[in-house]
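# sequence and computational prediction follow.
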Amino acid sequence: MILADKIINERKKNGWSQEELAEMLSVSRQSVSKWEGAQAVPDLNRIIQMAELFGVTTDYLLKDEIEDPGNSVSDSADESQSLRKVSLEDASRYINTVAKNTPSAIVATVLFVLCAAPLILLAGLSVFFENIMSQNTAVLIGLITLFAAIAVGVLLWIMIESREKEFEFLKKEDFETLYGVSGMVKEKKTLFDKKRTILNSIAVMLFILSPVGVITAALTGSSNMAIILCVDLILIMVAVGVGIVLYTSRIGGSYDLLLGEGKLSRSERRINKKMDAFNGIYWCLVVAGFMFAGLGFGKWNLAGVIFPIAGVLYAAVYGITKMLITKDED
């Protein structure tokens, strides 16, 4: 067994991602990736550090003919036997399942982002065309559309989770990839990384440009209807951007996970659970604010901007909350 394979095996036995090992060695994740891909060799100081971290001898790491780590803290043979094995067929099936479910995931997420768009549009139209549609009717139709979109989105995610349930162990447990898996996944990842960079750049541009229309309409003194249409345009551009990011993160994430780069530490799993709770609380409060302003006070014009504002603020509030939770974990 060569050094590259030994680094991969020992890292996975300890449940570390490439990022975590890189941090412990004070090097970049790319350096660890090159070592494991046999594209570069770590210097002697790094070899010594890894031997101490893995609980093995430097001889074991450096000499290809030595297969037994010797001074390992635990019995590596027993650990290797206990690891779930992922064959080439398993890996291909997982990648294909994620790819097949990704369009449904995008549709569900886009429905969440756009669920308030019809309500905003109808509420605005009812003000200008009172003789065709009353404000109460517009709000009722808008609310039905909103909750229907959320319901369909939730149903799609439930179906996705059900289809991918058999692969949950990849995120929750240590596993070992069998011969051929790493090479196949690396080849796919290399090809996809070029596409991922381009698509993520497009998504960022959509996020940046999304408020331009409403800002322009406000500065030029455009009608309220024009501003309402621009607000809906913001939601559409954000929805497209989110869909692109979701596509690249799911497809790219499936490759990273099989290569051990997407493996979460226990601390990261706890953080993610807390952030899931945050998401539920945040959007429940947004909906409560919407209902309070609309039904409580009849201020549907004010209620109509709650979702766009909440969407714009979401990234900032999410980031600050995650930073505070991460600091707590540390």
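Yes, it's here.
# all helices for the stretch 101-250 of the chain, in order.
Under the criterion DSSP state H, counting those that start in this stretch, the stretch 101-250 of the chain contains helices at 117-128, 135-163, 169-172, 181-209, 212-219, 224-258.
# tell me what the fifth one is packed against?
Just to be clear, that refers to helix 212-219. Secondary-structure packing of helix 212-219 (3 or more Cβ pairs under 8 Å, 6 or more residues apart in numbering; DSSP states H and E): helix 224-258. (Each C-beta comes from the backbone N, C-alpha and C, glycine too.)
# list the buried residues in the helix it packs on.
For helix 224-258, a neighbour-count test (16 or more other Cβ atoms under 10 Å) marks 226-235, 237-252, 254-258 as buried.
# tell me what angle it forms with helix 181-209.
160 degrees (axes from the mean of the first three to the mean of the last three Cα atoms, to 10 degrees).
# returning to that earlier point: and of the helices of the stretch 101-250 of the chain, who's closest to residue 2?
Of all these, helix 181-209 sits nearest to residue 2, with 12.9 Å by Cβ to Cβ.
# list the contacts for the closest residue to residue 227 other than its chain neighbours?
Excluding the flanking residues, the one nearest residue 227 by Cβ to Cβ, 6 or more residues apart in numbering is residue 217, at 4.9 Å. For residue 217, the contact set (Cβ atoms under 8 Å, 6 or more residues apart in numbering) comprises 226-227, 230.
# which secondary element of the chain has the worst mean pLDDT?
Least confident element among the helices and strands of the chain, by mean pLDDT, DSSP states H and E: helix 76-82 (a mean of 50).
# let's have the helices of the stretch 101-250 of the chain in TSV, adding mean pLDDT and distance to residue 94.
Output for the helices of the stretch 101-250 of the chain, formatted as TSV (pLDDT from 0 to 100; distance: least, Cβ to Cβ, whole Å):
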stretch	mean pLDDT	distance to residue 94
helix 117-128	78	35
helix 135-163	88	11
helix 169-172	79	7
helix 181-209	89	10
helix 212-219	80	40
helix 224-258	86	6
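# adding distance to residue 17, write those out as JSON lines.
Formatted as JSON lines, the helices of the stretch 101-250 of the chain follow (distance: least, Cβ to Cβ, whole Å):
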{"stretch": "helix 117-128", "distance to residue 17": "38"}
{"stretch": "helix 135-163", "distance to residue 17": "23"}
{"stretch": "helix 169-172", "distance to residue 17": "12"}
{"stretch": "helix 181-209", "distance to residue 17": "15"}
{"stretch": "helix 212-219", "distance to residue 17": "38"}
{"stretch": "helix 224-258", "distance to residue 17": "9"}
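# tell me the domain boundaries of the protein?
3-82, 85-263, 264-330 (automatic domain parsing).
# residue farthest from the centroid of this structure?
residue 131 (46.1 Å; Cα atoms, centre = their mean).
# show me what contacts that residue?
Residue 131 sits in contact with no residue, where contact means Cβ under 8 Å, 6+ apart.
# and it, how far from residue 228?
19 Å (Cβ to Cβ, to the nearest Å).
# now swap in residue 18 and tell me
From residue 18 over to residue 228 the distance is 48 Å, taken as Cβ to Cβ.
# residue 212 too?
Distance from residue 212 to residue 228, by Cβ to Cβ: 16 Å.
# ditto for residue 109
Residue 109 is 23 Å from residue 228, by Cβ to Cβ.
# just to revisit the earlier point, how far away is the residue nearest to residue 227 from residue 186?
Distance of residue 217 to residue 186, computed by Cβ to Cβ: 48 Å.
# same thing with residue 239?
33 Å.
# could you do residue 124 as well?
Using Cβ to Cβ, one obtains 51 Å as the distance from residue 124 to residue 186.
# between those two, which has more neighbouring residues?
Counted by other Cβ atoms under 10 Å, residue 124 and residue 186 do not tie: residue 124 has more neighbours, with 23 against 16.
# C-terminal to the helix or strand that contains residue 45, what's the next element?
Taking DSSP states H and E as the definition, one finds residue 45 inside helix 44-54. Sequence-wise, the next helix or strand downstream of helix 44-54 (DSSP H and E) is helix 58-62.
# give me the mean pLDDT for that following helix.
Mean per-residue pLDDT for helix 58-62: 82.
# go on, stretch 39-48?
For stretch 39-48, the mean pLDDT works out to 86.
# for it, measure first residue to last.
Terminal residues of stretch 39-48 are spaced 19 Å apart (Cα to Cα, to the nearest Å).
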